[in-house]
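S.K.: can't give you the sequence, but here's the structure:
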């Protein structure tokens, strides 16, 4: 993979939707699942299916934060939706009440952290590259909605590539500042995923169906984009990689590669 490419793997056979209580699962009697349909609520968050397909069953799958109960969906690769939604063209025309429903400040400062576990973690750099207009428009709209809220993007001072990319655009968005990451302060900390999800909510368009992660294997570094709630084991099989040990986010070791790929995973080392 060249330096400016993301390896996109959407051909996953199964999706694993986490849930807290099986009685709360939202499944049709015919067991058909539609893309973007809310399936469960997990840890207070509504979980939507990133694919269409058929209910395969209930199971358990490891995750970065430990074993989870999951509903397994067999992907039909058709991305069928239950009903079409008409999205709004201009995010700046979103109703104020919808903006406040999507994001309500808890402090006087909103900080978008561009994640950087170390110089090898490229995930956020690629997410920003693909979504920079979405991210900046959403932050700008938030700043206009809450004039007393300080809105900044925080980056590692060593990451000159991200700084240069932002510098090219920020003249158009004077309400958004850039700061280097030091110690966390009293602030609302959001991720790129959070901002993109706010945008899709306001646009009333398709939900984010993907995750990115940085993969390190045999001294090679690549960025993988795949379906949200897919299984690391299936991705490694597509890549032809066998793993004896997996280290996630430079912290947690796993000897089994059946691991849920969700928003918590930034960087994966394969040994």
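M.R.: On my side now, so go ahead. The shown structure was predicted, so the numbers you read here are calculated from the model rather than taken from an experiment.
S.K.: contact partners for residue 32?
M.R.: 52, 53, 54, 55 (C-beta atoms under 8 Å, 6 or more residues apart in numbering). In short, each C-beta sits where N, CA and C put it, glycine included.
S.K.: so it bridges to which residues?
M.R.: Beta-bridge partners of residue 32, counted by DSSP bridges, are residue 54.
S.K.: mind listing the strands for the stretch 51-200 of the chain?
M.R.: 53-61, 68-75, 109-113, 150-155, 176-180, 188-190 (DSSP state E, counting those that start in this stretch).
S.K.: need the ones you listed in JSON lines (columns: distance to residue 44).
M.R.: Converted to JSON lines, these look like this (distance: least, C-beta to C-beta, whole Å):
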{"stretch": "strand 53-61", "distance to residue 44": "20"}
{"stretch": "strand 68-75", "distance to residue 44": "15"}
{"stretch": "strand 109-113", "distance to residue 44": "20"}
{"stretch": "strand 150-155", "distance to residue 44": "25"}
{"stretch": "strand 176-180", "distance to residue 44": "28"}
{"stretch": "strand 188-190", "distance to residue 44": "16"}
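S.K.: any chance of those in JSON lines, plus mean pLDDT, distance to residue 39 and mean neighbour count?
M.R.: Below are the strands of the stretch 51-200 of the chain laid out as JSON lines (pLDDT from 0 to 100; distance: least, C-beta to C-beta, whole Å; neighbours: other C-beta atoms under 10 Å):
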{"stretch": "strand 53-61", "mean pLDDT": "97", "distance to residue 39": "9", "mean neighbour count": "15"}
{"stretch": "strand 68-75", "mean pLDDT": "98", "distance to residue 39": "6", "mean neighbour count": "21"}
{"stretch": "strand 109-113", "mean pLDDT": "96", "distance to residue 39": "28", "mean neighbour count": "21"}
{"stretch": "strand 150-155", "mean pLDDT": "95", "distance to residue 39": "32", "mean neighbour count": "20"}
{"stretch": "strand 176-180", "mean pLDDT": "93", "distance to residue 39": "35", "mean neighbour count": "15"}
{"stretch": "strand 188-190", "mean pLDDT": "95", "distance to residue 39": "24", "mean neighbour count": "17"}
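S.K.: between these, which gets nearest to residue 90?
M.R.: Nearest of those to residue 90, taken as C-beta to C-beta: strand 176-180 at 18.5 Å.
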